[in-house]
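*Asks:* No letters, just coordinates:
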């Protein structure tokens, strides 16, 4: 039994029949092998890895094949020696469970196990599996003993993150700790462990290092552990691979030797011509904290604009054009955020909570990130402002109203639905008795909310709607013009633009056609009376 | 009596002898003329202005000769027609009061009335007064009637800004309103009024426009007022003039004609080769709010880092190196602020208060900028953290301790002391009974705190100090090395580095020499025990 757990989607499906099966998000069914079968099929991987080692190459094991691990494994596999041959033989490892096993089979079929729009990632994965043959996935724990470098990309989440900022923050470190224990139990004494997972501050020093030492001591290994933290900045979307290769990389080892080996490893696949993308910090604690501070800053900047959004709507100005005029100040103001619908994704909704949890529970400090956690609270409540706008313009209340919710993912034109702010909107509208049609052009199944069906057909979604909420700036929505909307929804209705999707011109035309139009941050629409009947 | 009031420094000095005198910050004494004398000496200016008009040129009046107006007047005077001749005849006007009159005499002597390190500003002022002869200053109200364009740069402040965020915000609009009334009473009907002053949202529409209309109606003028708001982004320091010319300029008129005339005027001195530096917004309210949002964002970003600073000190990491590693993410994180001592200056300490005041009192809205005002509170309290550090390392308490406070201005190597955070530190240390020596290399007199003498001699400041606070990153302090400090202060003492002035190497050397060393954001110094005796 492998102790990693990267399962963020789908979740184990307990079926009465044996053998257990693992169902991928695309619906394909993969019987989960027994440990004996997994070991048997691992033989071929072991042979190939050994052959690569004999030729002087290194074996890299990526632990956890989720959103980060799957992309990192393919990118590392694409790293080339000066003669053009693959520098590494890469083995991806994940859990032999119904929730995770399908990822292993996808990779071994040359497919990307995550829903990615990056053609480069698809190409790299296919090439590494089918052409160069230096990328394979397995669930067999024997793989740990082959690795020169073990990259940890396992899952580490905050439980009930939406409430974490309000009450006690809960982090269950056990699955992560177990994954590290597996490494310590099976790693080669001289292997380098690189933790890429975003972890609470203090994790490398107070969790990973003691666990590795304990397991190695049991095996009679007393040489120093080679361990570094090197956080990723992976960005889901069309530049997935580029976000691994071309983004600056912060790292730090637990000692000088770990740092220099981590640097040597990272420099082979981070495109850093003169080394300027690699940032070594004093210790892993600094690197762990850096990642959390970085995402907390982004979250705080998003939260900052929210009360100005409410203000702009009240005093009747267009906050978007004002922000545009301020963002021209490059270097100080060009990252100012626009009014919006909310914050989703895996990182910005939890990283400040991880920071506070680690400071309190791993480092035993009484330091409090009060304003930072306030910002997370603001962000979590942001979709409720869109709900308020819906309530305001729904002419007959929400009970029984047919509302088209346009957009479920948390990034435009990306299929990633993790912690989508649409979830809060949907819950609130359903609680008021609305009848929802939820549409997203790139999402087939809302994995986190399988109870909410996704309509693929935009025309069907809009045809008999009493109201429309534009929750994501997908291209297909941004192309809406008043004409297309009045064709799709012939009866005048209301529309809440939570993501700056509609042009002023379209808004005016819709209002002239009898629609009620409101928008987050669009104070000028309100000033001009577009939320009232013509 | 002119109703403008730009007097932020010095303040009127009521002396028993007549005539009243106006004393400049540099100590020069200027007898204030009577209104009759001012009018008499204005004759020559009027002749020159008329001559300039006859040749087809325009006359620009700059109302208020403070930090913005003096620099704007000189910059506009340097604007040239295609044939190289001055495009404008510029008249600066200020109050005929002891507090303001000296500025008029300084300009007429070809001198910059503000303490500026920008050699370009000094050159422009001298050139315009002594060579081209198209810049003059006066207190005579007759000047208003000569102007084609009136640029309003008068003072508009929040009373007791340090407390504004905690209690009710007080803004006395009367001096500003009176200045506008003077314009309405005397302006030419077709003159364009451009408000550059940072004003509460709603001021142009709810204050300036009604006052101008009222005064003009009294004079029987019924043609529409030409009025625009166009906020400045002047940055005190070595690039003063460049901050007027090369920064993007946001503006909006009260109507189409005002907007296009404002644009035409601004485009003559804002270097905007293809017009891309001029940003027109929908209405003056948007422009007024933009300036306040812009500075509120900066203030919030400064406040954001404070609780992370406290955290870093508690958990023992160097927040500066962490932030450096994050700031490499250009476009999203490169404006992250470093730990510091506090926020000073004229804008960041008040603009959020102006925003809230205008929203409440001019626009009658119940919108609240709670988090933004929280940020101002955090910034105002920031110097108290440095005080806490002083208390921690002062071996015998603060009563009677001789403490050298290094730095009074709010920007390194700039003489501007407006709302300096050093003021809060000085007050707190004095309240604890410390004996202070306050040093600043570029400040001779602390205009806002004439009760606190400034020592110019650094050696005398440090010679017998029991402790040192580095409050500003002036170059002369940044050049400190352990050697120079132990020479200047031979007895081991304590040093609080509130501005990232000392290198790690110097800090270590000082500690090895028996000093106690702490620094804001320098958790690693604390971790390494530098705050404790060796």
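*Replies:* Yes, it's here. In this text the structure is predicted, and so the values were computed from the model without any measurement.
*Asks:* Could you use CA atoms for every contact and neighbour count after this?
*Replies:* Fine.
*Asks:* so after the lowest-mean-pLDDT helix or strand in chain A, what's the next helix or strand?
*Replies:* The least trusted helix or strand in chain A, going by mean pLDDT, DSSP states H and E, turns out to be helix A:161-164, with a mean of 67. As assigned by DSSP states H and E, the chain's next helix or strand after helix A:161-164 is strand A:170-171.
*Asks:* residues making contact with that next one?
*Replies:* Under the criterion Cα atoms under 8 Å, 6 or more residues apart in numbering or on different chains, residues A:157, A:158, A:159, A:160, A:164, A:354, A:357 lie in contact with strand A:170-171.
*Asks:* Serialize those to TSV and add fields for distance to residue A:256.
*Replies:* Shown next, in TSV, are the contacts of strand A:170-171 (distance: Cα to Cα, whole Å):
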residue	distance to residue A:256
A:157	30
A:158	32
A:159	35
A:160	38
A:164	37
A:354	27
A:357	28
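*Asks:* Which one among those residues sits at the bottom for pLDDT?
*Replies:* Minimum pLDDT for the contacts of strand A:170-171 is recorded at residue A:164 (59).
*Asks:* since we're on residue A:56, how many residues are nearby?
*Replies:* Per other Cα atoms under 10 Å in any protein chain shown, the neighbour tally for residue A:56 reads 11.
*Asks:* meant to ask about residue A:494
*Replies:* 24.
*Asks:* Go ahead and confirm it touches residue A:467.
*Replies:* Yes: using Cα atoms under 8 Å, residue A:494 makes contact with residue A:467 at a distance of 4.6 Å.
*Asks:* From residue A:435, how far off is the closest residue to chain B within the stretch 1-150 of chain A?
*Replies:* Residue of the stretch 1-150 of chain A nearest chain B, by Cα to the nearest Cα: residue A:68 (19.2 Å). Look at residue A:68 and residue A:435: by Cα to Cα, to the nearest Å, they are 36 Å apart.
*Asks:* Who has more neighbours out of those two?
*Replies:* residue A:68 (25 against 19).
*Asks:* Hmm, residue A:233 and the more buried one touching each other?
*Replies:* No: Residue A:68 is not in contact with residue A:233 according to Cα under 8 Å; the separation is 9.1 Å.
*Asks:* pLDDT score assigned to the residue nearest in space to the middle of chain A?
*Replies:* In chain A, the residue lying closest to the centroid (Cα atoms, centre = their mean) is residue A:346, at 4.0 Å. Note on residue A:346: pLDDT of 87.
*Asks:* go on, residue A:309?
*Replies:* pLDDT, residue A:309: 98.
*Asks:* Can you tell me the element it falls in?
*Replies:* Applying DSSP H and E as the criterion places residue A:309 in helix A:284-315.
*Asks:* likewise residue A:183?
*Replies:* helix A:174-186.
*Asks:* Can you name every helix or strand that that helix contacts?
*Replies:* Applying 3 or more Cα pairs under 8 Å, 6 or more residues apart in numbering or on different chains; DSSP states H and E, one finds that helix A:174-186 makes contact with helix A:209-218.
*Asks:* those helices in the stretch 401-534 of chain A, which residues are they?
*Replies:* A:422-431, A:458-463, A:475-478, A:482-488, A:504-512, A:523-527 (DSSP state H, counting those that start in this stretch).
*Asks:* should've said the stretch 251-400 of chain A
*Replies:* A:256-267, A:284-315, A:319-327, A:351-357, A:370-393.
*Asks:* Can I get those in CSV including distance to residue B:220?
*Replies:* As requested, those are arranged in CSV below (distance: least, Cα to Cα, whole Å):
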stretch, distance to residue B:220
helix A:256-267, 77
helix A:284-315, 33
helix A:319-327, 37
helix A:351-357, 63
helix A:370-393, 47
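*Asks:* near chain B, which residues of the stretch 301-450 of chain A?
*Replies:* A:301, A:304, A:307-308, A:310-311, A:314-315, A:317-318, A:321-323, A:325-326, A:328-336, A:359, A:363, A:365, A:367-372 (Cα under 8 Å from any Cα of the partner chain).
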